[in-house]
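Student: Give me a 3D structure for the following:
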Amino acid sequence: MTPFRTASNVRSRTGAVIDAAGGSAFLYGTSSGAALALVAAASGLDITKLALWEPPLVPDDGPRPPADTVKTYTELVEAGRRGEAVEYFMSKVVRLPDEFVAQARSAPFWTSQEALAHTLAYDATIMEDYSLPTERAASVKIPTIVMSGGASFPWMTETAEALADAIPDGRSRILEGQTHDVAPEAMAPVLEEFFKA
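Tutor: All right, here's what the predicted structure looks like:
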């Protein structure tokens, strides 16, 4: 159903981009893209450094989204109920308060969220069961930084630190004042420093 169903798909597609870019790369991923970047790095591609921003993985004792999340997204979008798919993401996956979810429907960003609703199933596929992939992380042998925002959900920092601990050459860093929607001007100097070192 999705373009990134298997690790071999991730390897072949990411590998083609790396080859086109010159054969090796620094890789940065944010949110579910960070989980995808971790899969690519663990697959043995010629990635020399890895930077991850708030992969939405759940610590061992944390609540996980329902097991049928991919199916739910797919059915809602195919039925033309894109807004309900976005609500499901906010309430059942991110676990935002009900009052926030109710107010979000009238927010200026709502239309753009509905337009992207079909990609929610892709994200959920990439995230698998949302658990921390410690075995995969342990196989990543390159320098890696896992970052989180000081103004984000507290469990994001817990996840970033646990993931960094599982990567042999991993480190974590908190960007103070940042939420999951990190500001480019806050991220750019951190990436520049990490990739240049």
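
Student: contacts, neighbours, all on C-alpha from now
Tutor: OK.

Student: need the contact list for residue 150.
Tutor: Going by Cα atoms under 8 Å, 6 or more residues apart in numbering, residue 150 touches 157, 174-179.

Student: what about 7 Å?
Tutor: Counting by Cα atoms under 7 Å, 6 or more residues apart in numbering, residue 150 touches 174-179.

Student: Need the nearest residue in space to it, chain neighbours excluded.
Tutor: In space, and not counting its chain neighbours, residue 150 is closest to residue 176: 4.3 Å by Cα to Cα, 6 or more residues apart in numbering.

Student: any idea how far the one you found is from residue 192?
Tutor: 17 Å (Cα to Cα, to the nearest Å).

Student: With residue 93 instead?
Tutor: Distance from residue 93 to residue 192, counting by Cα to Cα: 32 Å.

Student: State the number of residues packed around the nearest residue to residue 47 once chain neighbours are set aside.
Tutor: Distance criterion Cα to Cα, 6+ apart; nearest residue to residue 47, sequence neighbours excluded, is residue 25 at 5.0 Å. Using other Cα atoms under 10 Å, residue 25 has 17 other residues around it.

Student: again, but for residue 88
Tutor: So residue 88, with other Cα under 10 Å, has 20 neighbours.

Student: Name the residues of stretch 157-169 that are buried.
Tutor: Buried residues in stretch 157-169, counted by 16 or more other Cα atoms under 10 Å: 157-167.

Student: Can you show me the helices along this protein?
Tutor: 7-20, 32-42, 69-78, 82-88, 98-104, 110-115, 120-127, 134-138, 154-166, 184-196 (DSSP state H).

Student: quick one: average pLDDT of the shortest one?
Tutor: In this model, helix 134-138 has a mean pLDDT of 95.
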